[in-house]
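>>> Take a look and give me a structure for this.
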Amino acid sequence: MENLLQLHQEFTKTGVLISFNGSLSNSIIEEIGNAIKRYLHEENREKGMISDIFSAYIEQTQNINNYISCHDIDEAHRSSIILISSVNCQYHITSGNSIRKADVLSLKQKIDHINSLDKEGLKQYHKEQRRKVRDPDAKTAGLGLIDIARRSQGGLVYRFDPLDDEYDFFSLQVTIQGA
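Coordinates of the predicted model:
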């Protein structure tokens, strides 16, 4: 039980409001999302900020779920983590999941491209991607990371950490400015 106290103290010190560690499902995503909205509403946060935080959370968790379902990820690598924290009027939505090493370079290039764009560039890139003809088998339109970047301050902060010969652990953090 001592470790739980240490974890609680670390969460308090770093401003963690909500955390989840495990395999995501649509019902878990929905329940956590509802908890986030209730918490922020009870804290009297602005509707626009609540919407930005909720949207970033939904996009990140759906990206994880879609990646796992589309890439036949083995059971040992299906677990993910989501943290929502608040420090100095900034909300950080942080997610992490296993990703195949073969997919790292293309994801890194996509994020780097998104991070290189200013607000107007993100708006234009979003329009271009929305108008693209999609593969009929695609599960998403590929707009999630762009949407997150449009709502965030400081871009998409990410890293890849080696797990084993086949997988890396992908971490993504976005920051939403509070009032």
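
>>> ok, which stretches of the protein are helices?
2-14, 26-42, 47-70, 101-115, 119-131, 144-151 (DSSP state H).

>>> Provide a list of residues in contact with Tyr167.
His77, Ser98, Ile99, Arg100, Lys101 (C-beta atoms under 8 Å, 6 or more residues apart in numbering). For every residue, glycine as well, the C-beta is placed using N, CA and C.

>>> Asn65 - how many residues pack around it?
Applying the criterion other C-beta atoms under 10 Å, we find 20 residues in the vicinity of Asn65.

>>> Could you double-check that it sits in contact with Asn26?
Yes - using C-beta atoms under 8 Å, Asn65 is in contact with Asn26, at 7.2 Å.

>>> quick one on the thing from earlier: to Val87, which of the helices of the chain lies closest?
Minimum separation from Val87 across the helices of the chain (C-beta to C-beta) falls at helix 2-14, 7.1 Å.

>>> Could you pull up the mean pLDDT of that closest one?
Across helix 2-14, pLDDT averages out at 90.

>>> Pull the distance from that helix to the chain's centre.
23 Å (C-alpha atoms, centre = their mean, to the nearest Å).

>>> Touching it from outside, list them.
Val16, Ser19, Ser85, Val87.

>>> Give me the neighbour count for the nearest residue to the first one once chain neighbours are set aside.
The reference is to Val16. Once flanking residues are discounted, Val16 sits nearest to Ser85: 4.6 Å by C-beta to C-beta, 6 or more residues apart in numbering. Ser85 has 18 neighbours, counted by other C-beta under 10 Å.

>>> nearest spatial neighbour of the most centrally placed residue in the chain, skipping sequence neighbours?
Nearest to the geometric centre of the chain sits Gln60, at 2.9 Å (C-alpha atoms, centre = their mean). The spatial neighbour of Gln60 that comes closest, neighbours along the chain excluded (C-beta to C-beta, 6+ apart), is Ser95 at 4.2 Å.
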